[in-house]
Structures are given as C-alpha cells and as structure tokens.
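Chemist: Sequence and computational prediction follow.
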Amino acid sequence: MFIGGALRDPSPANDIVQEVLFDDEAVIVGNVKHPLRRKKQPSLADLLHFPWIIPSPGVPMRASWERMFRSRGTEPPEVRIVCGSMLIARGLMFRGDWLTLMSRDQFLFENEAGALAEISAPGEVLRRSIVLTRRRDWRPTPLQADLIDMAHQLAEGRRQIPA
C-alpha cells in the first residue's frame, strides 16, 4: 500500500520511505464574494480578521499555515474549525467568509465555476513537497506498479510546466 500526499517531516516511522514527486505551493482560498478579493494583496492584519478552516496540529498544511504568520512575527489567529476534509471546507466557504489553504489543483473546478477564488499567494512559505509514501519493504502488485508509474509520469509533466 502507498499514499500520495504532503511530505511528513519528521518521517512518521523508521521503515517509511517518502519519494518526492513534485513541489506544490498552497494559496489562501475563500469564496468568490469574499471581502478580501477586493484587495490586491491582503495584509497579515486582514487575514487575522476572518475565520479559518485548518487541519489539526501535526498535519503539514497546519504547520505551513502557522509558519505563514510566525515568519512575519505574528501569532496565527485562533482556529475556528479544525478540519482536514476539503469537502467540508468547501461547503463552509460557499456559505461564509471562511478562509483556508489549498493547492490551486484542489479547487480548480470551483475556481473555474466561479465559486471559490484565490485570495492571496504568500509564496515560498507555503511551498511543500508532494510525495509517495510507502513502507521500505513493500512490493507493489503489477497493477499498483502501473499506478505508481503513472504518478511518476504525471509528476514529471508537472515539473516541466513553467511557474
């Protein structure tokens, strides 16, 4: 068995291998009518005034969110909702002025449909590596090996897209 997702640092166990596929940058996302959409570049103070939906402590996206504030000398705001489900986060953002972090790929369809929008792109502070995680001694079935090959091909294509 393998998992695709963000790099865990430190590794969750000694017998875990994390193979980097590509780097990804999260952005701040809100609904298309969010008040911060009118600002060209929302300030840190602006971001502190809205409720956030953020994953639990220990999740890489949570650490990135905290680093986004602390790297600028500010403590993160109180988390109103701790949630790792993008489905629930989307539902809340459709109905209010909630903010969250997502990669652009995670809200691609909602962005194209005019439902969710990028509020801000804080840049390098939200960069993360996307990896395939597996146990060191795991051997894939032929079908799993094909799926991993496809993941490598897709990752290679993504790395070739200019930023």
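Modeler: Structure's in. What do you need? The structure displayed is predicted, hence computed values, not measured ones. Residues are numbered from 1 along each chain as shown.

Chemist: remind me, longest helix of the chain?
Modeler: helix 142-159 (DSSP state H).

Chemist: Other residues contacting that one?
Modeler: 2, 4, 21, 22, 130, 132, 140 (Cβ atoms under 8 Å, 6 or more residues apart in numbering). C-beta: built from backbone N, CA, C; applies to glycine.

Chemist: for that helix, what is the average pLDDT?
Modeler: Computed over helix 142-159, the mean pLDDT rounds to 90.

Chemist: Give the residue farthest from the middle of this structure.
Modeler: Distance from the C-alpha centroid of the chain peaks at residue 142, with 30.3 Å (Cα atoms, centre = their mean).

Chemist: Can you dump the C-alpha atoms of whatever helix or strand residue 17 lives in in PDB for me?
Modeler: Secondary structure assignment for residue 17, by DSSP states H and E: strand 16-31. C-alpha atoms of strand 16-31 as PDB (Å, rounded to 0.1, in the frame of the first residue of the first chain):
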ATOM      1  CA  ILE A  16       8.800   4.600   5.900                       C
ATOM      2  CA  VAL A  17      10.100   5.900   2.500                       C
ATOM      3  CA  GLN A  18       8.800   9.200   1.100                       C
ATOM      4  CA  GLU A  19       9.600   9.700  -2.500                       C
ATOM      5  CA  VAL A  20       9.300  13.300  -3.700                       C
ATOM      6  CA  LEU A  21       7.100  13.600  -6.900                       C
ATOM      7  CA  PHE A  22       6.900  17.400  -7.200                       C
ATOM      8  CA  ASP A  23       6.800  20.700  -5.200                       C
ATOM      9  CA  ASP A  24       3.500  22.400  -4.800                       C
ATOM     10  CA  GLU A  25       2.500  25.800  -3.400                       C
ATOM     11  CA  ALA A  26      -0.600  26.400  -1.400                       C
ATOM     12  CA  VAL A  27      -2.600  29.600  -1.600                       C
ATOM     13  CA  ILE A  28      -5.200  31.200   0.500                       C
ATOM     14  CA  VAL A  29      -8.700  30.400  -0.700                       C
ATOM     15  CA  GLY A  30     -12.100  31.900   0.000                       C
ATOM     16  CA  ASN A  31     -15.500  32.200  -1.700                       C
END
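
Chemist: Good, we can wrap up now.
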